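Visitor: Fold the following.
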Amino acid sequence: QVQLVESGGGLVQAGGSLRLSCAASGRTSSRYTMGWFRRAPGKEREFVAAISWSGGTTYYGDSVKGRFTISRDNAKNTVSLQMNSLKSEDTAIYYCAAVLAGTLSSWTSDRTYGSWGQGTQVTVSS
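Guide: Numbering: from 1, shown residues only. Model prediction:
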């Protein structure tokens, strides 16, 4: 498996921006589809975004479409999530996740992913 470490979370005012990063280590020679999920207090984990190994295919949750952008740099083994126009409802712990590329399972389901980071807190003040 690959080990994942998120960074970049913090406190930001509504309307502001943050950029989260996820650094992968371990079995990085394998190809992975990467995803971002979040869990808000009292809620279930929610799909945010996913990106294919090549970066050519991306998916977004309905609540973040047009505001968030997922990208990756395979040379640096990193995945990023640029978050713009943040809202108070974006407040959550954000998790990076990985699954071997080629999976037939849904990228939007957290059950698809076998490797997870520890999460980074994002708090948006209104």
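
Visitor: Spell out for me which residue occupies the centre of this protein.
Guide: Centroid-nearest residue in the chain, with Cα atoms, centre = their mean: Trp36, separated by 2.0 Å.

Visitor: gap between the two ends of stretch 78-87?
Guide: Between the opening and closing residues of stretch 78-87 lies a distance of 25 Å (Cα to Cα, to the nearest Å).

Visitor: how much space between Cys22 and Cys96?
Guide: Going from Cys22 to Cys96 by Cβ to Cβ, to the nearest Å gives 3 Å. C-betas here are computed from N, CA, C, even on glycine.

Visitor: residues shared between the contacts of those two?
Guide: Both Cys22 and Cys96 are in contact with Leu4, Val5, Glu6, Met34, Trp36, Val79, Gly117, where contact means Cβ atoms under 8 Å, 6 or more residues apart in numbering.

Visitor: need the next SSE after whichever strand or helix holds the second one, C-terminal direction.
Guide: Read that as Val5. Using DSSP states H and E, Val5 maps to strand 2-7. Using DSSP H and E, the helix or strand that follows strand 2-7 towards the C-terminus is strand 10-13.

Visitor: Just the C-alpha atoms of that next one, please, in PDB.
Guide: C-alpha atoms of strand 10-13 as PDB (Å, rounded to 0.1, in the frame of the first residue of the first chain):
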ATOM      1  CA  GLY A  10      -6.500  25.800   8.200                       C
ATOM      2  CA  LEU A  11      -8.900  28.500   9.100                       C
ATOM      3  CA  VAL A  12     -10.200  30.800   6.300                       C
ATOM      4  CA  GLN A  13     -13.000  33.300   5.900                       C
END
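
Visitor: Pull the distance from the helix or strand following that strand to the chain's centre.
Guide: As assigned by DSSP H and E, the chain's next helix or strand after strand 10-13 is strand 18-26. Remark: strand 18-26 is offset 9 Å from the chain centroid, using Cα atoms, centre = their mean, to the nearest Å.

Visitor: contact partners of strand 18-26?
Guide: With Cβ under 8 Å, 6+ apart, strand 18-26 has contacts from 1-10, 12, 32, 34, 36, 77-83, 86, 94, 96, 98, 117, 120, 122.
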